Every structure is written in C-alpha cells, then in structure tokens.
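S.K.: test case, fold it:
(one chain, ligands or ions: 1)
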Amino acid sequence: MVRILDINTEFSTEEACFEYLERLRWPGGVECPKCFGKKISRINSNGKTGKPRRLYQCLVCRNQFTARTGTIFQDSHLPLTTWFKAIALVGEAKNEANVNRLKRKLKIHRRTASYLLTRIRRAMASGGRLEIASERTGLHTFRR
Ligand SMILES: [Zn+2]
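M.R.: Residues are numbered from 1 along each chain as shown. As a prediction, the model looks like this:
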C-alpha cells in the first residue's frame, strides 16, 4: 500500500528526513551496513555546521555510519530536505524535469541542480528501489 506523503510538511526538517530514512532502511532497528551487526551505539555528535549528525558506531567492527551511508546521499553535503524535495520534483515531472525547474523550485544554484538531477536520474535508471510514491509528490528513495 502506498502512503501519500506531504513532502513540504512531513519532510520540512533535516531531523524528520533522517528519521524517515532510518525507518525505511532499518525497520527492525539500526544495522551496520558493513557487517550487518545489530549491536550499535549512537554517537551524539554535531557536524561541522553544528547540526546533529545521527551518527552510529557498530560495536562489532567499529564502523561508523549514518542512514546516508551507502545511499545516493552519501557523498553529498546537501541536506536531506533538499534531496527529498528534488527527488519528489523529478518524480513528479518525469521526463520534463530539468535543471532550470529544480533551480527555480528549490532556489539552489544551477550547478547544484544539475548535480542533483544527474544523480537522481542515474539512480532511477539503474533500477533503484522505489520505496514510497505518491501520485503528486512522488518521493522515491533508493540504494546506489
Ligand atoms: Zn559492523
């Protein structure tokens, strides 16, 4: 069953996006992406920007990770709020999605819009797992 999500209210904060991603990724509790261990400790730390990072450490292999690790969001410094909105916009506009539209709607630089569009399109083309879709706002998340 598809749950309709309102991208502008449910994903308005970085915290809400992280929680969503974590629930989606680890419905049975946080799991190490490297050794799939379930003994995890949460590290309370703030990133360079002072925002909470929701960082975890595996107590078995010492690997540190967040919900972004191993996803298309991994190597990006952009907030998840921007990513989620971009994904929704691309999903909504399908083939008509373009750099200018993303730039205008998200009020981001052209270079950033181009980066997002390329990554999202590539993930969709490579058969990324479609997790959630609503007819209007279509939020998709996928693994790399
Ligand atoms: Zn581990």
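S.K.: quick one: name whatever helix or strand follows the helix-or-strand element of the chain with minimal mean pLDDT.
M.R.: Here the helix or strand of the chain ranked lowest by mean pLDDT, DSSP states H and E is helix 7-10, holding a mean of 68. Sequence-wise, the next helix or strand downstream of helix 7-10 (DSSP states H and E) is helix 14-25.
S.K.: for that following helix, buried residues please.
M.R.: 14, 17-18, 20-22, 25 (16 or more other Cβ atoms under 10 Å). (Each C-beta comes from the backbone N, C-alpha and C, glycine too.)
S.K.: same check on stretch 118-127?
M.R.: Quick answer for stretch 118-127 (16+ other Cβ under 10 Å): 119-120, 123-124.
S.K.: what's the average pLDDT for it?
M.R.: The pLDDT scores in stretch 118-127 average 80.
S.K.: can you show me the strands along this protein?
M.R.: Secondary structure of the chain (DSSP state E): strands at 40-43, 55-58, 64-65.
S.K.: now, which of the buried residues of helix 14-25 sits nearest residue 105?
M.R.: residue 17 (17.3 Å; Cβ to Cβ).
S.K.: what sits against the residue nearest to the closest one when sequence neighbours are not counted?
M.R.: Nearest residue to residue 17, sequence neighbours excluded (Cβ to Cβ, 6 or more residues apart in numbering): residue 80, at 3.6 Å. Shown in contact with residue 80 (Cβ atoms under 8 Å, 6 or more residues apart in numbering): 11, 14, 17-18, 21, 68, 73.
S.K.: hmm, try it at 7 Å
M.R.: 14, 17-18, 21, 73 (Cβ atoms under 7 Å, 6 or more residues apart in numbering).
S.K.: break the protein into its domains for me.
M.R.: Domains of the chain are assigned by automatic domain parsing as 1-25+70-144, 27-66.
S.K.: tell me which parts of this structure are close to the ion?
M.R.: Contacts of the chain with the ion, taken as Cβ under 5 Å from the ion, map to 32, 34-35, 37, 58, 60-61, 63.
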